[in-house]
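Asks: Please find the sequence and the predicted model below.
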Amino acid sequence: MRWKSYLRPTATLAMALLWAPGAWAGPRYKVLYNFKGGNDGAGPAGGLISDASGNLYGTTATGGVNCSQTGGCGTVFELRRVRNGWEEELLYRFRGNPDGAHPHANLAFDKKGNLYGVTEDGGGEANCSGSGCGVVFELTPSAGAKWKETIAHSFTGGNDGQVPAAGVILDATGNMYGTTLNGGGSMNCTPNGCGTVFELTSQADGNWHETILHSFSATDGASPNGLIFDNAGNLYGLTYIGGTYGAGAAFELSPSFGRGWIESVLYNFEGGSDGAGPGNGLTFRGRNLFGATPNGGDAGWGTIFELKPGSGGGWTHTVLYSFTGVKDGRYPFSPFVFDKSGNLYGTTGGDVSCLHGNRWGCGNVFELKPQSGGQWKLQVLHNFPGGKGDSYPFQVMSDGRNNLYGVAGEGGTGKCQGGGWAGCGVVFELTP
């Protein structure tokens, strides 16, 4: 089990639903499902999405069956609402080759109810240290409550990209957009490349065609993560590293007729009090963008920031909160969700100090409330205790009724003790 991968920000998009403001005094934490570490999966990763009935869908990075890799290649699962709670149904178990291994990111629905996602490893190629370069997959419901997997694209590790760590997003016509941490045409970062932004277009024969919209070159960013659209069809994202100061960048990609897609760098992180290594993805509220950096800030434990567009075309960066690394947590995750009052909800991921008894290093769910004078106040809604308790949460989503849902990569009643693990992970609910 590669538990350290849970400490790295994952490039996933949150289901940013709005809900009515409510009283969040003493929210109730409830485990909806404990992963057992076998066929049902282990180490849930990324965020959750839901269907119209409120059923939850997500991935586990390991577990499952028929995988040559130790610990399993991961799963796609559904949690269904039943009369007495929730029950899990396994939609797919990965085998590694050629169907992919180790999904760490959110899923996405199309209009027909098909699911799309990525795996960081596996695929039909023997490149990328022999473990495969990752895939984009499609899951289609079929007769008998079964789901059929189709590989939309298997990465080769060259110009087409390598390690798709962030989930894909779909446009109105069903085309998919995503990123790869490595690969692309530039060798300025490592021999593995600086990463790409790609588009997958469905063809008449049922196959998918990949187009590289942008290959990063380090100076404009490197290792991009999750994407979002604005109303005009422009794409926005963050890179973990690269940029002018090497601490990451925020970027925009705009379609230009006859010229492909044009990249603009919105902000270069300096790696100091403004943050470093911006993780996961961005969230729009109005015209402003919100995100997190897992490093940097006043104490070095990360920041929450806002980017505002200016009248002259530039963007202004503002740090809304700088984590101290003690009771407020460390290594914040984005994207976030907002309520109708403008309160922001997110998580901190925790770090290795959790393994040594530092409960502040095991992650939390927090609320950030705007105050007068442009200030913001953070309140921890739930602290993950670590040890025999749950730890290492990912981003949360809302059901539209004041309830928050998410996964924790460790904890629960499952028996996953190898490599420092305590439990196989859980799906949780926070109710005000």
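Replies: Great, that's in hand. All values reported here derive from a predicted model rather than from experimental measurement. Residues are numbered from 1 along each chain as shown.

Asks: List of residues touching stretch 300-320?
Replies: Residues from elsewhere that reach stretch 300-320 (Cβ atoms under 8 Å, 6 or more residues apart in numbering): 250, 266-267, 273-275, 278, 282, 287-297, 321-325, 329-332, 334, 336, 344, 346, 348, 368, 376. In short, each C-beta sits where N, CA and C put it, glycine included.

Asks: Got a quick ChimeraX command for the buried subset of those?
Replies: Only the buried entries of the contacts of stretch 300-320 go into this ChimeraX selection, using 16 or more other Cβ atoms under 10 Å:
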select :250,266,267,274,275,278,282,289,290,291,292,293,294,295,296,297,321,322,323,324,325,329,330,331,332,334,336,344,346,348,368,376
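
Asks: In helices, which of the contacts of stretch 300-320 appear?
Replies: The helices, defined by DSSP state H, take in nothing from these.

Asks: give me the element Asn127 is part of.
Replies: Using DSSP states H and E, Asn127 falls within no helix or strand.

Asks: ok, and the closest non-adjacent residue to it?
Replies: Nearest non-adjacent residue to Asn127, counting by Cβ to Cβ, 6 or more residues apart in numbering: Gly157, 4.1 Å away.

Asks: go on, Tyr392?
Replies: Closest residue to Tyr392 apart from its sequence neighbours, by Cβ to Cβ, 6+ apart: Gly409 at 4.1 Å.

Asks: In stretch 53-67, which residues are buried?
Replies: Neighbour counts over stretch 53-67 (16+ other Cβ under 10 Å) mark 56-64, 67 as buried.

Asks: if we can go back for a sec, so how far is the host helix or strand of the residue nearest to Tyr392 off the chain centroid?
Replies: Using DSSP H and E, Gly409 maps to strand 404-410. Its chain's C-alpha centre and that of strand 404-410 lie 12 Å apart, by Cα atoms, centre = their mean, to the nearest Å.

Asks: Now that strand: average pLDDT?
Replies: Across strand 404-410, pLDDT averages out at 94.

Asks: who does it pair up with?
Replies: Taking DSSP bridges as the criterion, strand 404-410 forms sheet pairs with strand 391-393 (antiparallel), strand 397-398 (antiparallel), strand 426-431 (antiparallel).

Asks: about what we covered before: contact partners for the residue nearest to Asn127?
Replies: 125, 127-128, 133, 182-183, 192.

Asks: Let's see which of these end up in helices.
Replies: Short answer: the contacts of Gly157 have none in helices (DSSP H).

Asks: Which single one of those is nearest to Glu199?
Replies: Gly183 (14.8 Å; Cβ to Cβ).

Asks: Hmm, Asp160 and the closest one touching each other?
Replies: Yes: using Cβ atoms under 8 Å, Gly183 is in contact with Asp160, at 6.4 Å.

Asks: Between these two, tell me which one has more neighbours.
Replies: Neighbour count, other Cβ atoms under 10 Å: between Gly183 and Asp160, Gly183 has more, with 29 against 19.

Asks: Quick check: pLDDT value at the more buried one.
Replies: 93.

Asks: C-terminal to the helix or strand that Tyr57 is a member of, what's the next element?
Replies: In this assignment (DSSP H and E), Tyr57 forms part of strand 56-62. Where DSSP H and E defines the elements, the next helix or strand beyond strand 56-62 is strand 75-82.

Asks: mind listing what's buried in that next one?
Replies: When burial is assessed from 16+ other Cβ under 10 Å, strand 75-82 yields the following buried residues: 75-79.

Asks: before we move on, the earlier item: can I get the strand holding Gly409 as PDB, trimmed to CA atoms?
Replies: Coordinates of the C-alpha atoms in strand 404-410 are reproduced here as PDB (Å, rounded to 0.1, in the frame of the first residue of the first chain):
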ATOM      1  CA  LEU A 404     -21.100  17.100   3.900                       C
ATOM      2  CA  TYR A 405     -19.700  13.800   2.600                       C
ATOM      3  CA  GLY A 406     -16.100  12.700   2.100                       C
ATOM      4  CA  VAL A 407     -13.600   9.800   2.400                       C
ATOM      5  CA  ALA A 408     -10.700   9.200   4.800                       C
ATOM      6  CA  GLY A 409      -7.800   7.200   3.400                       C
ATOM      7  CA  GLU A 410      -7.100   5.400   6.700                       C
END
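
Asks: that older thread, okay, and the common contacts of Gly183 and Asp160?
Replies: Listed as contacting both Gly183 and Asp160 by Cβ under 8 Å, 6+ apart are Thr196.

Asks: Quick check: the closest residue to Thr62 other than its chain neighbours vs Leu320, distance?
Replies: Using Cβ to Cβ, 6+ apart and skipping residues adjacent in sequence, the residue nearest Thr62 is Gly71, 4.3 Å away. To Leu320, Gly71 is 38 Å away according to Cβ to Cβ, to the nearest Å.

Asks: Who has more neighbours out of these two?
Replies: Gly71 (21 against 17).
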